[in-house]
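Peer 1: Dropping the sequence and predicted coords here.
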Amino acid sequence: MHNHAHGHAHGRAHGGGEPGGDPAKNAASNQRRLLIALGLSATYMVAEAIGGWLTGSLALLADAGHMLSDVFALAMSAVAVHIALRPPTPKRTYGYQRTEVLAALGHGVLLVCISIYIFMEAFERMGQAVEVAGAPMLAVASGGLVINVISLAILHAGRNENLNVRGAWLHVASDALGSVGAIAAGLAIWAFGWMWADTLASVLIGIMVIYSSFSLLQEVVGVLMEGVPAHIDAEEVRDSIAELRGVVGVHDLHIWTVGSGMVSLSGHVVAKDGFGDEDLLRVVTEHLERRFGIDHSTIQIEPVDFEENGVCPE
């Protein structure tokens, strides 16, 4: 007895965002946020690179390099949002939703590469007396921080709804921390003449970038490996289904994320004798949607004596 139910209601998005709403409108909003942040980052990246070259500041150059990765990441994110809206095809039955997950993976890898570059440059500067113009460095870094804070505010609304936007937000957040480090180094050089503060700041920026990329990469790998989403407890889901009226047992339960905001579940539910399959399907799917926000489920209803479930009476 193989019955399947597919729920498509509007549950909460991955990470605890607002109710899903229209996916096309959400995607358009996310793309608009990303493009605005992209324009701001690209404009100031040029200013920061020129400022780093004129002042001789490695911290500013490192921050400009990081901002270059922001520009690339934001552009990649905006393209991924557009591609993810393409409809499913016979070859790609889930559509292109994983494009955004791949974009988030690209963010994480790029962050690690930028960190390695910063560490290499800082190592080369150790022991060298490099003159850095503290006051101009401080002014340029302060401007960079303002731009990053504005971009963070723009991306904030979408970061809990979409893994791709979250990756872009983390990218900009780590850049903002880099600007703070460059400001601190500029103050130390301007006030005390501590030229070594520039190299120290660049190393700290690299460490912060590595740290910010770790959680993103961990979550992306979890999605690609089809692991249970972090905000869902599989045992709690299993136990809650088993407690429903008319259910004898649950097995072969799988929960995974297809793309940002789309959690899927499949499982076999063993029904008590006398319970209608359609009624039980409705009860289980509505329960999953209401309690866990899982709005795409495939449930196979089985009788107690069905040989596959392992609970056959003697």
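Peer 2: Ah, there it is.

Peer 1: got the buried residues for the helix or strand hosting residue 46?
Peer 2: Secondary-structure assignment from DSSP states H and E places residue 46 in helix 23-55. By neighbour count, with 16 or more other C-beta atoms under 10 Å as the criterion, the buried positions of helix 23-55 are 26-27, 29-31, 33-35, 37-38, 40-42, 44-45, 48-49, 51-52, 55. No exception for glycine: its C-beta is placed from N, CA and C like everyone else's.

Peer 1: now stretch 215-235
Peer 2: 216-217, 219-220, 223, 228-229, 232.

Peer 1: among those residues, which two are most distant?
Peer 2: By the measure C-beta to C-beta, 217 and 232 form the most distant pair in these, at 20.1 Å.

Peer 1: Would you map the helices across this structure?
Peer 2: For the chain, the helices defined by DSSP state H occupy 23-55, 58-84, 98-125, 134-156, 163-192, 196-224, 234-242, 277-292.

Peer 1: Which parts of the shortest one count as buried, going by neighbours?
Peer 2: In this case it means helix 234-242. 237-238, 240-241.

Peer 1: now do the fifth one
Peer 2: Judged by neighbour count using 16+ other C-beta under 10 Å, the buried positions of helix 163-192 are 163-190.

Peer 1: Let me see the domain layout of this protein.
Peer 2: 23-224, 234-309 (automatic domain parsing).

Peer 1: and stretch 251-271, how far out from the chain's middle?
Peer 2: In this view, stretch 251-271 has its centroid 21 Å away from the chain centroid, taken as C-alpha atoms, centre = their mean, to the nearest Å.

Peer 1: try stretch 50-58
Peer 2: 32 Å.

Peer 1: And for stretch 90-102?
Peer 2: Per C-alpha atoms, centre = their mean, the centroid offset for stretch 90-102 relative to its chain is 16 Å.

Peer 1: now do the same end-to-end measure for it.
Peer 2: 21 Å (C-alpha to C-alpha, to the nearest Å).

Peer 1: in that stretch, what's buried?
Peer 2: For stretch 90-102, by 16+ other C-beta under 10 Å, it's 95-102.

Peer 1: possible to save those as JSON lines with distance to residue 258?
Peer 2: Putting these into JSON lines (distance: C-beta to C-beta, whole Å) gives the following:
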{"residue": "95", "distance to residue 258": "9"}
{"residue": "96", "distance to residue 258": "11"}
{"residue": "97", "distance to residue 258": "5"}
{"residue": "98", "distance to residue 258": "7"}
{"residue": "99", "distance to residue 258": "11"}
{"residue": "100", "distance to residue 258": "10"}
{"residue": "101", "distance to residue 258": "9"}
{"residue": "102", "distance to residue 258": "13"}
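
Peer 1: Closest one of these to residue 78?
Peer 2: Among the buried residues of stretch 90-102, and counting by C-beta to C-beta, the member closest to residue 78 is residue 100, at 10.7 Å.

Peer 1: Give me the pLDDT value at the spatially closest residue to that closest one that is not a sequence neighbour.
Peer 2: Of all residues not flanking residue 100 in the chain, residue 164 sits nearest, at 3.6 Å (C-beta to C-beta, 6 or more residues apart in numbering). If you check residue 164, the pLDDT there is 71.

Peer 1: which residues touch residue 206?
Peer 2: 62, 114-116, 118-119, 122 (C-beta atoms under 8 Å, 6 or more residues apart in numbering).

Peer 1: try it again with 10 Å
Peer 2: 62, 66, 112, 114-122, 174, 178, 181 (C-beta atoms under 10 Å, 6 or more residues apart in numbering).

Peer 1: ok, residue 73 to residue 149 distance?
Peer 2: Distance of residue 73 to residue 149, given as C-beta to C-beta, to the nearest Å: 18 Å.

Peer 1: meant to ask about residue 102, not that
Peer 2: Here residue 102 is placed at a distance of 28 Å from residue 149 (C-beta to C-beta).

Peer 1: can you check residue 27 too?
Peer 2: 25 Å.

Peer 1: need the least confident one among the domains of the chain, by mean pLDDT.
Peer 2: When I compare the domains of the chain, domain 23-224 is least confident, with a mean of 78.

Peer 1: Please work out how many residues are found near residue 276.
Peer 2: 11 (other C-beta atoms under 10 Å).

Peer 1: Surely it touches residue 246?
Peer 2: Yes: contact criterion C-beta atoms under 10 Å: residue 276 and residue 246 qualify, at 8.7 Å.

Peer 1: more crowded one of residue 73 and residue 149?
Peer 2: Set side by side, residue 73 and residue 149 show more neighbours around residue 73, with 28 against 14, by other C-beta under 10 Å.

Peer 1: and the more buried one, what does it touch?
Peer 2: 34, 37-38, 41, 103-104, 106-108, 110-111, 164, 167-168, 170-172, 175 are the contacts of residue 73 under C-beta under 10 Å, 6+ apart.
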